[in-house]
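Peer 1: What would the 3D arrangement of this be:
(3 chains)
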Amino acid sequence: MRFLLVEDNVELGEAITGRLSLDGHAVDHAKTLAEAEEWLAVAEYDLMLLDVMLPDGDGREFLRKTRTAERLPVIVLTARSQVSDRVDTLDLGADDYLTKPFDFGELEARCRAVLRRRGTPMPAVIPLGAAFFDPSSGMLTQDGASHTLRNRELRLLEVFARNQGQILSKSQLLDRLFPQDAEVSENAIEVYVGRLRRRLADAGVQIETVRGMGYRMSAP
Amino acid sequence: MSDAARGPFWWRSIGQRLTVLLAAIAAVLAVLSWWMVTSFAREAAERTQDNVLVASATTIAEALRSEQGTILLELPYSAFAMLNAIGEDRVFYRVAAGGETITGYDDLIPPTLPERPGDVAVRTISYRGDQVRVVSVQRTVLAGQQPVPVVVSVGQTRTGVEAIGTGLSRTAAVLSVAFFLLAVGLGAVAANSSLRPLNAFAQAVTRRGPSDLRPLRRKVPDELSPLLIALNRLMERLGQSIRRSEEFIAEAAHRVRTPLATVRAQAELALHTVEKENEKKMLRRVIRAVDESSRSASQLLDHATVSFRAEALARDEVDLADLVVRVAESLSPTAEMKDISFRLDATAPAPVRGDLILLESALRNVLDNSIKYSPGETEVSVTLSQDDPAQWRLTVRDHGRGFSAESLPALTGRFTRGGNVDKIVGSGLGLTIAEDVLIAHGGRLELATPKDGVGACVSLILPAA
Amino acid sequence: MRVTHFARSLATVIWLAATGAEAFEVEDQKLYPGTGATTIKVVSTADLDVFEPFILQFQAEQPAVGIDYYVASSTELHAAIRDGEVFDVAISSAMDLQFQLANDGAAQAYTSPVTDALPAWARWRDQVFAFTAEPAVAVISRERFAGLPRPTSRQELIALLRQNPDVFEDSIGTYDVRQSGLGYLFATQEARNSDTFWRLSELMGRQGAALYCCSAQMIDDVGSGRLALAYNVLGSYAAERIARDDRLEVLEMEDYATVMLRTALIPATATQTEGAALFLDRLLQEGLRDTPETWVLPPLGAADQPEARAYGPIRLGPALLVYLDQLNREAFLRAWSDAMVQ
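Peer 2: Numbers count the residues shown, from 1 in each chain, chains lettered A, B, ... in the order given. So this is what the prediction gives:
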């Protein structure tokens, strides 16, 4: 997916950019509203992450004036957390609202939800052996039959699908799958891996256990 | 306590104060006018009597004549007939020449007598047990060659004058009372109509919503314009002050959260790039610390907002069913991350009166708690029901660890967390915020453990609109 | 000067010792004992036979109250009350004298629902109360008037007297105004109203009019034919006598009538004021009655008779004092004597 991040704080911007890149997303980082307008003029984005307090204005004003939100899904990032702001922002056309600091898992989940609501097609369906995986809808299709994956299964599968052939440690998977505020034991990963194995049994895709290292997904 | 509140009951209202003062003035004027009319009437009656007495005495004096040195007198009938004009009064008279009584009442001797012919002496004397008004006139009659001064005195009691005076006084008293009552009535009307602009002004202020700080634009009497100007200035200052503190809170939040967000984002990024398990552990700790402080900050801000807004509570119509749907929708990504599903049973319109933002905040906190304390792949149900026509019950039930029995009553206390929340980030303000909001709306929060003993049951109870 | 004095028919002449050395002449007296301790002393100018029916009626209603009834001439009555003689009620036909008593402070004020019901002209200062309105009338003997026209005015009467000196010579009776208070009142009021009075008086004087103290004797003498005409007798007495003596007739005079008010008062000296009040109220009720026939003394309503209406009854007021003035009285009596006593 292609994001336009409008965030004046350079360090935060870089961290978000880096984190989203890890998941294979492309991110353009604008530090001012003016810069954001320039980016919007030249490129197409799937989603905009908009900070509300910017040096050259208020993100909400920007939304109201440019009516960007009419054509582009927008998630507002704000350091303000007052409930009234949330209502205001949503009224101005933003699709969702996220208070800083946020969990990337939640950001991802919200992005997915926004895109689903908007009906925006996700970039591509990923072939997994005999099956096809659509990360946007969480659908796994094989021989015309579709299964909707649960959120954690979906995210786990997405991680495996984007890193086929690589060994992923339980700890890495844990960080992707669970919010950081909960202490989850690594055994939980085993449960989800087990579920995915069953889902993918007929597709000929395997998630093998690499002893002492983690898991690796490999196509036949 | 103002001076006005300490006075007698009627002193507490300007209208009653005006009415009472006007009535007091009217009473003074009524008594004064009664007294004046009475004394004028008495004086007029007395003067009339004097005039009649003078006329009577003069008529008698004119009838004096002398014949062969003897003074003769035929009392004219009219001289006495006219005395009947005043009333039923006793009449006395004396005609004396040089101190010798010619006719009449011998002992009717006024203290002063007219000195010269044409003079009139008027006196009130006590005679035969009554106050008698006596008029004496003098006429010189030529008896033979000798001019003899003859004094004619006519006296009359004052019953008629008193009766006229009393009658007019009574009439004046009746008129004064009527005048007084009329004045009191008109005074009350006047007081009310003078106070109408003040009442209208007060109502205009009262009718305003709690957050309406626009200046009042209305025509008021000159006396009220300083108040209006002062009130508008106060509202302007209040508005500025509120805006400033809101901006301050927003700015403060921004200043705190942006670096936190940076730290968290960097830490999370680093988490994916480091390999060593102890380094990962440290990073996770950093992230959790950040989360905890950010959550505390937002709940503190939320709590401040609730306290502030609850003081001047808005009374908009809010549909609880609609609220449930919207809050659940906004929280569903968070729930989804744990594969927690919402089951909503809130279809009927459920109107309540209150502050949408506060109510949303309350429900969000309760739902957020439920999500937070529920294990993955469980269900959180939200049920809207009506115990009785007067109140709505919004029950949030989760399948989390529930409340421990010993901590149940204290859970909504500030910064109190359950005894079984190990390792879950929270400030302990969530339920406090929710309860504060509900109490401000005339409702309450109920915490319970479901019958099957699994999870928790939180009920938000609100009076129906 | 021929003045006829008639001996009193019934009266015992009683000399009563007054409080001081004064005394006054009582013409008649009768005690009507009551069942209670109260006995009121009433002094009146009205003869017993006139007043007795009322007294009996009153005692039928108030048996407890005894009444000691004295008859005296109006001047005697006036003098007695003026000098402090103790009476509880004083009733007199001489309203000028009654007025003077009240004016000089010899009467008590009294009010009751009955006194309030009186017309304003029938009371003065709540001290003098009128209960009859009695005109002065001329009574003739039918026998002596046989063949003569009935005059309807003073003018016609004067003409008749002039034309028939033979009939009226020594046959006219009228009050001796020097003696009778009522006669003096009638004479002075008539003299004030009309100059025909003096012409009539002069004519009567020339024809040797007989002078009387009282109406009753005059009517007696007309009845007996001794007199052809009695002028200015009390209409009430005349009416009563005519009713049982058809030799008498009242001349219907249409020019004017002098109407006297018989008045009652409670003297300042009264001791039995409660009894006096009962008596007075009952008396005034008679004055207010609608049926004149029930008593000889006509009620106040009689003042509405056609002839009387032109002048109305003699007013109770200070003007009554005018003819009581010593100088005026002397002057009037001098003129009257000049006219009448020739």
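Peer 1: only C-alpha atoms for contact and neighbour calcs from this point on.
Peer 2: Will do.
Peer 1: how far away is C:R150 from C:Q207?
Peer 2: C:R150 sits 19 Å away from C:Q207, going by Cα to Cα, to the nearest Å.
Peer 1: B:A172 - nearest residue in space that isn't next to it in sequence?
Peer 2: B:W34 (5.4 Å; Cα to Cα, 6 or more residues apart in numbering or on different chains).
Peer 1: Relative to chain A, how far out is the one you found?
Peer 2: 71 Å (Cα to the nearest Cα, to the nearest Å).
Peer 1: now C:N164
Peer 2: 136 Å.
Peer 1: Under the pLDDT cut-off, which ranges of the chain? List them.
Peer 2: I'll assume chain A. Confidence mapping of chain A against pLDDT under 70 gives the ranges A:69, A:80-87, A:120-124, A:136, A:179-184, A:219-220.
Peer 1: Switch to chain B, please.
Peer 2: In chain B the weaker segments, taking pLDDT under 70 as the threshold, are B:1-6, B:209-211, B:404-428.
Peer 1: Strands of that one, residue ranges please.
Peer 2: Using DSSP state E, the strands found in chain B span residues B:64-67, B:70-73, B:91-97, B:100-104, B:120-127, B:130-143, B:146-157, B:316-319, B:341-345, B:351-354, B:379-388, B:391-397, B:444-448, B:457-463.
Peer 1: so which of the ones you listed comes closest to chain A?
Peer 2: For chain A, the closest of the strands of chain B is strand B:341-345, at 10.4 Å, according to Cα to the nearest Cα.
Peer 1: Output the strands of chain B as a markdown table; include the columns mean neighbour count.
Peer 2: Conversion of the strands of chain B to a markdown table gives the following (neighbours: other Cα atoms under 10 Å in any protein chain shown):
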| stretch | mean neighbour count |
| --- | --- |
| strand B:64-67 | 14 |
| strand B:70-73 | 17 |
| strand B:91-97 | 23 |
| strand B:100-104 | 18 |
| strand B:120-127 | 18 |
| strand B:130-143 | 22 |
| strand B:146-157 | 24 |
| strand B:316-319 | 16 |
| strand B:341-345 | 17 |
| strand B:351-354 | 20 |
| strand B:379-388 | 18 |
| strand B:391-397 | 23 |
| strand B:444-448 | 18 |
| strand B:457-463 | 23 |
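Peer 1: So C:R150 and C:Q207 - more neighbours on which side?
Peer 2: Shown here are C:R150 and C:Q207; by other Cα atoms under 10 Å in any protein chain shown, C:Q207 has more neighbours (22 against 16).
Peer 1: quick one, phi/psi of that one?
Peer 2: Backbone geometry at C:Q207, expressed as degrees, to the nearest 10, gives phi -90, psi 10.
Peer 1: I'd guessed it sits against C:V167; true?
Peer 2: No: here C:Q207 does not reach C:V167: they are 9.9 Å apart, not a contact under Cα atoms under 8 Å.
Peer 1: how much space between C:G66 and chain B?
Peer 2: For C:G66, the distance to chain B - Cα to the nearest Cα - is 32 Å.
Peer 1: same question, A:Y97
Peer 2: Distance, A:Y97 to chain B, using Cα to the nearest Cα: 9 Å.
Peer 1: Would you mind putting the strands of chain B into a markdown table with distance to A:V6 alongside?
Peer 2: Output for the strands of chain B, formatted as a markdown table (distance: least, Cα to Cα, whole Å):
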| stretch | distance to A:V6 |
| --- | --- |
| strand B:64-67 | 133 |
| strand B:70-73 | 135 |
| strand B:91-97 | 121 |
| strand B:100-104 | 130 |
| strand B:120-127 | 114 |
| strand B:130-143 | 114 |
| strand B:146-157 | 115 |
| strand B:316-319 | 35 |
| strand B:341-345 | 32 |
| strand B:351-354 | 36 |
| strand B:379-388 | 35 |
| strand B:391-397 | 37 |
| strand B:444-448 | 41 |
| strand B:457-463 | 39 |
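Peer 1: any chance of the ones you listed in a markdown table, plus distance to chain C?
Peer 2: Formatted as a markdown table, these follow (distance: least, Cα to the nearest Cα, whole Å):
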| stretch | distance to chain C |
| --- | --- |
| strand B:64-67 | 11 |
| strand B:70-73 | 7 |
| strand B:91-97 | 6 |
| strand B:100-104 | 6 |
| strand B:120-127 | 10 |
| strand B:130-143 | 9 |
| strand B:146-157 | 10 |
| strand B:316-319 | 78 |
| strand B:341-345 | 93 |
| strand B:351-354 | 76 |
| strand B:379-388 | 77 |
| strand B:391-397 | 77 |
| strand B:444-448 | 81 |
| strand B:457-463 | 76 |
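Peer 1: so what's the residue in chain B sticking out farthest from the centre up against?
Peer 2: In chain B, B:Q68 marks the outermost C-alpha relative to the chain mean, sitting 93.7 Å out by Cα atoms, centre = their mean. Contacts for B:Q68 were tallied using Cα atoms under 8 Å, 6 or more residues apart in numbering or on different chains; they are B:143-144.
Peer 1: Can you tell me how far it is from C:A277?
Peer 2: Counting by Cα to Cα - B:Q68 and C:A277 are separated by 53 Å.
Peer 1: what do you get for B:V256?
Peer 2: 112 Å.
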